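J.: Quick one, fold the following:
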Amino acid sequence: MSDEQASYRQIVKSTVVVGGATAGSIVIGLVRTKIFALLLGPLGIGLLGLLQAILGTATTIFQLGFQVSGVRQVAATEADPEASAVARAALWSLTWPLGGVGALLLWLTRVPVAQLATGATEHADDVGLLGIGVWLTVIATTQLAVLQGYRRIGALARVKLWSALLGALIGIGLVYWLREAGIVWAIVAGPLASIVVAHYYHPSFPKWAWRDLKLSALTPEWLALIKIGAAVTLSGMVAHAAGVVARALIVREGGLDSAGLFQAAWGVSSTNLTLLLGAMSADYFPRVSAVAAHPEKVGRLVHQQLGFALLAGGPLLVAMSGGAPLVLQLLYSSQFTGAAHLLQWQLMGDAMKLVGWALGIVLLARQDTQAYLASELGFPIVYLGLLAALLPRLGIDAAGIAYFCSYAIYSAGIALVCWKRHGILVPRGTYGLAALLVLLLAGLLVASTWSALGALIAGIVIALLLGGYALRRLEELAVPGSFARLLAFLPGRRAG
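T.: Below is the predicted model of the structure:
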């Protein structure tokens, strides 16, 4: 088996394993929410959503992006057991106190936070108790970061799946027993279950002795963790704020109906790629981090990963674009089919997003936080600027056009930075495949203006052809006759 075949085989296997576990955890979450709704009613579900939003915001702040920077530092030092142990020691020595500070601050500010979130102080103690969840969540995400950094993909997938199941069972039991009083404990049960399951599957890693650790060894690791983590946190907060501003612009121009159409298209578009990119990044990010010092190796990995992403995601994007009105009607209702063209534009943007995603991870792996931040901050600026300029002229479709144009500029800019600043070249054929996918999606958009049925039929046919080609190509790349074995996922204790 050649190195290239082994690499593609690893890409396919990790994507299938992590993607399957993530899909399973999503289904478990939906069932959990359904049972909560039956037990609590609208009022309880509303409180659940508010408390989860508070926990998510606090966790984002106090984990300081270590779920990303931790992966990078562990993966970059994996080949050296001593350096790897120091990287993990540095990560944990920051994680525990940060989580504790987050828990304490949330408890101390529980009254004003509850007042801001609910308009009353009735649930202030529930907000304060969420501090336990903040601490546990920071610890749980660090455990997952360590597993991902060492590329224990099987263990990572099992932790995601079994912790979702355990957390759901505990949460349902608490809510059934305590009703509304059990909501906060049901939320806390999630990260607690993750910690327990992760400990069970945690393989042996290089050990360190705290007494032997020196400040001179830990300081560079701390700085790297904070540097990358702060960039990730800031970019995430800016992206969230940009989403709020975009919705405000749409409401101001077209009212709440337009905002509803935007939310429907955005939900379908983001769900399409979230599962795929999340599954691929579990293995891709640590692999790039491990060879970050070698531009030639990084370039080969980008070529392989981006090629796989386009092969795997292309048929899905084409099928969704061809059947956009039907998809919106099935997932929402016939009242949302007016967002079909908006969704099609956003799917074109998603094709460009695949390119930017693959190259953006390279900037993090090579610790080029300046270029990473510039690109992540530049995207919302361009997007909001185009949205504000086009909305009065084009209506709600402007959101999709702005999304596509912004991601085209974003991806081209990152590709240029990777080439000029880091000497990372990706074969033109890979970019050509992305361009072909965009052209196919554009063709379906044009066809849908003439006949929705014709676009649907064309989308299905093209998606089937692309899917057949993708399967045949992946079979060739990942060793002929072995594709079925790549899909095997046999559970086992402490398997990695």
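J.: May I have the residues that are in contact with residue 462?
T.: When contacts are counted by CB atoms under 8 Å, 6 or more residues apart in numbering, residue 462 is found next to 318, 322, 440, 444. Where you see a C-beta, it was placed from the backbone N, CA and C, and this is true even at glycine.
J.: if I look at it, how far off is residue 317?
T.: 10 Å (CB to CB, to the nearest Å).
J.: on that earlier part again, right, and the pair among the contacts of residue 462 with maximum separation?
T.: Spanning the widest gap among the contacts of residue 462 are 322 and 440, at 9.6 Å by CB to CB.
J.: okay, these two: which has more neighbours?
T.: For residue 322 versus residue 440, the count of surrounding residues by other CB atoms under 10 Å is larger for residue 322: 30 against 22.
J.: Touching, the more buried one and residue 460? I think so.
T.: Yes. If you go by CB atoms under 8 Å, residue 322 and residue 460 touch, sitting 6.2 Å apart.
J.: Could you list the low-pLDDT ranges of the stretch 301-450 of the chain?
T.: Counting by pLDDT under 70, the stretch 301-450 of the chain has no low-confidence residues at all.
J.: Do a quick rundown of the helices in the stretch 51-200 of the chain.
T.: 66-76, 81-108, 110-118, 124-149, 153-178, 183-201 (DSSP state H, counting those that start in this stretch).
J.: among the ones you listed, which gets the worst mean confidence?
T.: If you rank those by mean pLDDT, helix 110-118 sits at the bottom with a mean of 79.
J.: okay, the angle between that one and helix 124-149?
T.: Using axes from the mean of the first three to the mean of the last three CA atoms, to 10 degrees, the direction of helix 110-118 lies 90 degrees away from that of helix 124-149.
J.: For helix 110-118, which outside residues touch it?
T.: 47, 50, 53-54, 106, 120-128.
J.: mind checking how far that helix is from the chain centre?
T.: Relative to its chain's centre, helix 110-118 lies at 29 Å (CA atoms, centre = their mean, to the nearest Å).
J.: What of stretch 112-124?
T.: With CA atoms, centre = their mean, you get 30 Å for stretch 112-124.
J.: So for that stretch, first residue to last residue, what's the gap.
T.: By CA to CA, to the nearest Å, the extent of stretch 112-124 from end to end equals 8 Å.
J.: Next: stretch 106-123.
T.: End to end - CA to CA - stretch 106-123 spans 13 Å.
J.: Go through the helices of the stretch 51-200 of the chain and name the closest to residue 30.
T.: helix 153-178 (10.0 Å).
J.: Just list what that closest one packs against, helices and strands only.
T.: helix 3-62, helix 124-149, helix 183-201, helix 215-290 (3 or more CB pairs under 8 Å, 6 or more residues apart in numbering; DSSP states H and E).
J.: Need the residues that contact the shortest one.
T.: When contacts are taken as CB under 8 Å, 6+ apart, the neighbours of helix 183-201 outside the stretch itself are 36, 40, 44, 47-48, 51-52, 55, 126, 129-130, 132-133, 136-137, 139-140, 143-144, 147, 155, 158-159, 162-164, 166-167, 170-172, 174-175, 178, 493-495.
J.: and if you look at stretch 128-141?
T.: 51, 54-55, 58-59, 62-63, 66-67, 95-96, 98-100, 102-107, 110, 163, 184-185, 187-188, 190-192, 194-195, 198.
J.: what's the nearest residue to residue 95 if we skip its chain neighbours?
T.: residue 142 (4.5 Å; CB to CB, 6 or more residues apart in numbering).
J.: same thing with residue 237?
T.: Nearest to residue 237 is residue 60, by CB to CB, 6+ apart, at 7.4 Å.
J.: Which residues are in contact with the one you found?
T.: Counted by CB under 8 Å, 6+ apart, residue 60 has contacts 233, 236, 237.
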